[in-house]
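[1] Based on what follows, work out the 3D shape:
(2 chains)
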Amino acid sequence: MSPTSMPAAGPSPRPGALRRPVAVVLVALLVATVAACSTGSSKSGDSADVGNPGNCTVVNLSMSTEKIDLLTSLAQTFNKTRAQVNGNCIFVSPKALASGAGAQALAAGWNPDTDGPAPVIWTPASSAWGAIVDQSRAEKGEPALAGPGTPFMNTPLVIAMPKPMAEALGWPGKSLGWSDILALGQSQTGWAAYGHPEWGPFRLGKTNPNFSTSGLSALIAQNYAAAGKTRDLTLEDLAKPAVNAYNVAVESAVTHYGDTTLTYLNNWYRADQQGTALQYTSAVAVEEKSVIDYNSGNPDGKLDPGEEPRPPRIPLVAIYPKEGTLFSDNPFFILRAPWVTDDMRQGAQLFQDFVQQPENQERVLQFNFRPGNPQVAIGAPITTDNGVDPDQPQTLLQVPAPNVLVDLLTRWSSQRKSARALLVIDISGSMKDPAAPGSPDTKLDLAKRAAIESLSQFKPEDEVGLRVFSTDLGPSGGENFLDLVPIAPISQNQAELTRQIDDLIPTRGTPLYDVTRVSFNRMVTEYDPTRINAVVLLTDGRNDDGTEGDDKQQLDATLADLNKQSQGENGRPVRLFAIGYGRDADLGVLKQLAQATNGAYYDASDPKSITKVFTAVVSNF
Amino acid sequence: MKRLGALLVAALMITVAVWGRGRLDDKSSGPSTDSAGDTATLVCATELQAACETLARGHSDLTVRIEEAQVTLTRLAVPGFDPATATGADRIDGWLVPQPWPAMLAEQRQRAGSGGALLDDPSTVLARSPLVIAIWNDRRDALSARCEGGTITWKCIGEVAGTPWGTTAPLDTWGAVKPGHPDPDQTAAGLLALGEATAGWFGTASFASNDFTDPAFRAWFERLERAVPSFPTPPRTPLDAMLFAGPSAFDLAGSTEAAAGPAISSSRDKERLGILYPAPLTTADVVLAPVTGSQAGGRLMKLMQSHDGAAALAGAGWRVDGQPSAPGIPDQPALPAENNVPRAGVLQALRSLWNEVVR
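    Sure, this is the predicted structure:
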């Protein structure tokens, strides 16, 4: 699944609510930010192999990434039926595109050169995206493209907790809610108050609400809880000092943010395998289907070739907040676009009807979603055995008005947990290679621009420093790294960071392991528990410190060191976010290094993607 | 001789009249017998979509268009618009809609000074469906305990709307009381449900728009409507949301029996979702209003009054005399003789009030 693309679901705003001028700002904010990261580490643009359309009328289907396996399978079956419109067979051609990216493309009118084949059917994660697209177009005087969609399956947002932790809070006998979970986040004693000091402080997992719908939904719920309401959240509510203080306290329990819940789930699963799941995170806001995926041993919902699902040692349970939650309803929008012919529209309608048929809705269950057709029972795997409850949720939270959402996001940018990050940038000789064949820009040119641009995404209180690495650096020529800008509040050193990054020039080798270990150890030594502590490492190559024979030994030692210091009861949670830049970057090694710290790695093998990847990386803060 | 001549003339006139009537009847014996091959366009209110689509499948010379009642009304109310001569998407030969939408159109055109009647007199009532309340069984039990005499009425629903269900499990997870009904600004079922709810507060459907100034009514109305979590974009309804997302979406929702009965009886939630018939019971009474001057209007009338028309309506959940009920449509309660729908002008005023309160 790809929660990066999920907009807030649940009840539609009241009629006319989106017509307020502020909706333009909201649209711009949500669409731009979500779309910005959607091509970074997501699976945007995945094409599905459904065969050759021949002479059939092609109905292009653009879907959010978490649905690719399901809808590809359904399209294959549908195409075999040779359904016809006006004597022509219909061929459904699916392609995955993050909801935010799809919304941005449609709002702009869809450019096939950059956005891919123009869709006839668009199915984002939530109906809210359709409203956002149409609102955006209406503000420009353009006709609606989406209109009301037809939901075909759903999944509610839940709070996932390790079962022992939920039981310690009284689950399943006691109704739990955001207020209980978030109050625990503010507790000074943490799990000790529940007889489990070994679990340490309460650690909350939330994704960045500017990028992830799970994160946005959790933020909405958090603010309702802070205001003591379940509906009609107002600007006045958000402005109350008590609400602000509540939010700040809750955010202080967050381990890190990020653009997708998959980072949390994958890290949690790995920690589980190492016996440290309860120390990694106490609760994460995710979709119900993710809980089932996780408990089946498939935390990201997609099995790689040869991978076997192995259930975790400690399963998760889904808490359906007593205050209410939000749904992802996965609508079908048959677009009212100029490129959609009558035959395409009729063909799309046939496929929509096909998907709603009970036998096909049964297949929705196989992917851990709830069927949209009410004639199909919500059965396995939506069962208590899998940590979820088909009789829940019992109430939904109201999606706030657009101006309240904008204010909520604006306030979050200052309420969120502050960061302390060391940017570690590779300036080895290979960074002077062209970014692309014939490109006037070198890889370092693009990386510098992206890094400088990303600085504006930190908040003033965030502390950021700059380290560069290569071989033979320093006055004596014997250093592997240089600290160019000390770690300090970015409000004080942004100009210096910008200048130093801009002045970077490529030099010699790539002492990757040594610099990773030294940089990480420094951040552990200087660990600040009130902040998100992280190393952001950008490299375009493999370890090359002039001594080839000890690479394996060096890597093993580095991994062991990172793992030991960041995990477990006494670990200091410093995260490594590693960016593999260019085709020669050793992604496998970077993945190991990042995962050893419960961080994440990012694939920027196409240098042109570096800006988006930097945006995704900074979403962790 | 004069008398004989008069008799001959009279006989001739009768013969001509009968022949003419026969010709007319030939032309109006249903789209399938139209020798001219013209297609008749029937505009159906959203609530009648299933019945109209059934008819269209069986009559190739019938085109149906599904619209919210308010959309059609607005289109027809435009000064100078003549649906009988319009072409393409604007063509209308007849309007199949619950009462009193034809009267609402006539009243609106009269107020605007838009000229004569656009629609012929509507048919007699073709089908009926009571406005019911779909409610989760556990919510029904809990709500009964809060309503006077244990009887759930719209008046009681409005009094508790938006208040918490309770503070103890499981009521503490139900949130606030969440009523719903279709969008009354656009749909017939929505406005009729709102009329029924208002009649529930006044105890009669014979209320007038000046009664809306009663502060107690106004407070009740605002509480009820502001507690509605959302008004799904038509043709989706709160009942659809209940069937899709369970009790989290709405605790109860107004609906026609035609929409609620079959849908609930075939759903996964049939054991935990039921139907209430509030008092005073309002019914949606379906009529066909042919467009004045439309040559196909008569044909449509004949079709709707034929067995095909009746069967299509009954099959879609509407109660039609002499037709078997669709699955999920009970024989009881018997429907009241009167439809208990407020007058056309009062319904328009109620719609305006709703817009004032909700938007």
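
[2] Walk me through the domains of the chain.
    In the absence of a named chain, chain A is used. Following automatic domain parsing, one finds the domains of chain A at A:3-154+A:328-382, A:155-326+A:405-411, A:418-618.

[3] I was after chain B.
    Using automatic domain parsing, the domain ranges for chain B come out as B:37-128+B:285-315, B:129-283+B:332-358.

[4] comparing those domains, which gets the lowest mean pLDDT score?
    Mean pLDDT is lowest for domain B:37-128+B:285-315 among the domains of chain B, at a mean of 93.

[5] now check that domain, is it near chain A?
    No. Using Cβ under 8 Å from any Cβ of the partner chain, domain B:37-128+B:285-315 never reaches chain A; the gap is at least 11.4 Å. In this view, the C-beta of every residue, glycine as well, is placed from N, C-alpha and C.

[6] now that domain, how far from the chain's geometric center?
    Averaging C-alpha positions (Cα atoms, centre = their mean, to the nearest Å) puts domain B:37-128+B:285-315 13 Å from its chain's average.

[7] how much space between the residue nearest the centre of chain B and chain A?
    Centroid-nearest residue in chain B: B:Pro98, 3.8 Å away (criterion: Cα atoms, centre = their mean). B:Pro98 is 22 Å from chain A, where distance means Cβ to the nearest Cβ, to the nearest Å.

[8] Tell me who's in contact with that residue.
    For B:Pro98, the contact set (Cβ atoms under 8 Å, 6 or more residues apart in numbering or on different chains) comprises B:45, B:47, B:69, B:188-189, B:192, B:284-287.

[9] Equivalent analysis for A:Gly324, please.
    By Cβ under 8 Å, 6+ apart, the residues touching A:Gly324 are A:221, A:224, A:230, A:393, A:395-397, B:175, B:248.

[10] okay if I get those as TSV plus secondary structure and neighbour count?
    Putting these into TSV (DSSP: H, G, I helix; E, B strand; the rest coil; neighbours: other Cβ atoms under 10 Å in any protein chain shown) gives the following:
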residue	secondary structure	neighbour count
A:Ala221	helix	25
A:Tyr224	helix	24
A:Thr230	coil	24
A:Pro393	coil	28
A:Thr395	coil	25
A:Leu396	strand	28
A:Leu397	coil	29
B:Gly175	coil	25
B:Ser248	helix	27
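
[11] Those residues of the stretch 201-350 of chain B touching chain A, which are they?
    Residues of the stretch 201-350 of chain B lying near chain A by Cβ under 8 Å from any Cβ: B:229-236, B:241, B:243-249, B:263, B:266-269.

[12] Up against chain B, what does the stretch 251-400 of chain A have?
    Taking Cβ under 8 Å from any Cβ, the part of the stretch 251-400 of chain A that reaches chain B is made up of A:320, A:322-325, A:327, A:329, A:372, A:374-378, A:391-396, A:398.

[13] Let's see which of those residues end up in strands.
    Secondary structure assignment by DSSP state E places A:Phe327 of these in strands.

[14] So how do I select the buried members of the residues of the stretch 251-400 of chain A next to chain B in ChimeraX?
    This is the ChimeraX syntax for the buried subset of these, where burial follows 16 or more other Cβ atoms under 10 Å in any protein chain shown:
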select /A:320,322,323,324,325,327,329,372,374,376,377,378,392,393,394,395,396,398
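
[15] And the strands in the stretch 51-200 of chain B, which stretches?
    Ranges of strands in the stretch 51-200 of chain B, per DSSP state E, counting those that start in this stretch, are B:62-67, B:94-98, B:127-136.

[16] from those, which stretch is densest packed?
    Sort the strands of the stretch 51-200 of chain B by mean neighbour count, taking mean count of other Cβ atoms under 10 Å in any protein chain shown, and strand B:94-98 sits at the top with a mean of 28.

[17] Alpha carbons only: can I get that strand in CSV?
    Written as CSV, here are the backbone C-alpha positions of strand B:94-98 (Å, rounded to 0.1, in the frame of the first residue of the first chain):
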residue,chain,number,x,y,z
GLY,B,94,-42.8,13.5,-19.8
TRP,B,95,-41.7,13.7,-16.3
LEU,B,96,-42.0,10.8,-13.9
VAL,B,97,-41.7,12.2,-10.4
PRO,B,98,-43.4,12.1,-7.0
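
[18] who touches A:Asp237 in this structure?
    The neighbourhood of A:Asp237, defined by Cβ under 8 Å, 6+ apart, consists of A:223, A:227, A:229, A:243.

[19] helix/strand/coil for the first one?
    Secondary structure of A:Asn223, reduced to three states by DSSP: H, G, I helix; E, B strand; the rest coil: helix.

[20] pLDDT at the most centrally placed residue in chain A, what is it?
    Computing the C-alpha centroid of chain A and ranking residues by Cα atoms, centre = their mean puts A:Thr260 first, at 1.5 Å. Predicted confidence (pLDDT) for A:Thr260: 81.

[21] same deal with A:Tyr280?
    pLDDT, A:Tyr280: 88.

[22] Likewise for the one 4 residues further on?
    The score at A:Val284 is 94. That number is its pLDDT.

[23] Same check on A:Thr4?
    pLDDT, A:Thr4: 29.

[24] Tell me which two of the contacts of B:Pro98 sit farthest apart.
    Largest separation among the contacts of B:Pro98 by Cβ to Cβ: B:Ala189 and B:Val287, giving 15.2 Å.

[25] Between these two, tell me which one has more neighbours.
    Comparing B:Ala189 with B:Val287 by neighbour count (other Cβ atoms under 10 Å in any protein chain shown), the higher total belongs to B:Ala189, at 29 against 22.

[26] if I pick the more buried one, what's in contact with it?
    Contacts for B:Ala189 (Cβ under 8 Å, 6+ apart) come out as B:46-47, B:98, B:131, B:181-182, B:237, B:254-256, B:259, B:284.

[27] returning to that earlier point: in a markdown table, list the strands of the stretch 51-200 of chain B along with distance to A:Ala146.
    Below are those laid out as a markdown table (distance: least, Cβ to Cβ, whole Å):
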| stretch | distance to A:Ala146 |
| --- | --- |
| strand B:62-67 | 19 |
| strand B:94-98 | 27 |
| strand B:127-136 | 28 |
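
[28] out of the ones you listed, nearest to B:Thr39?
    With Cβ to Cβ as the measure, strand B:62-67 is the member of the strands of the stretch 51-200 of chain B nearest B:Thr39 (5.1 Å).

[29] Minimum distance to B:Gly115: which of the domains of chain A has it?
    Shortest distance between B:Gly115 and these, using Cβ to Cβ, is found for domain A:3-154+A:328-382: 31.4 Å.

[30] Just give me the neighbour total for residue 185.
    You didn't pick a chain, so chain A it is. 22.

[31] ah, I was thinking of chain B
    20.

[32] Check what pLDDT B:Cys32 gets.
    Not Cys; residue B:32 is Ser. With respect to pLDDT, B:Ser32 scores 38.
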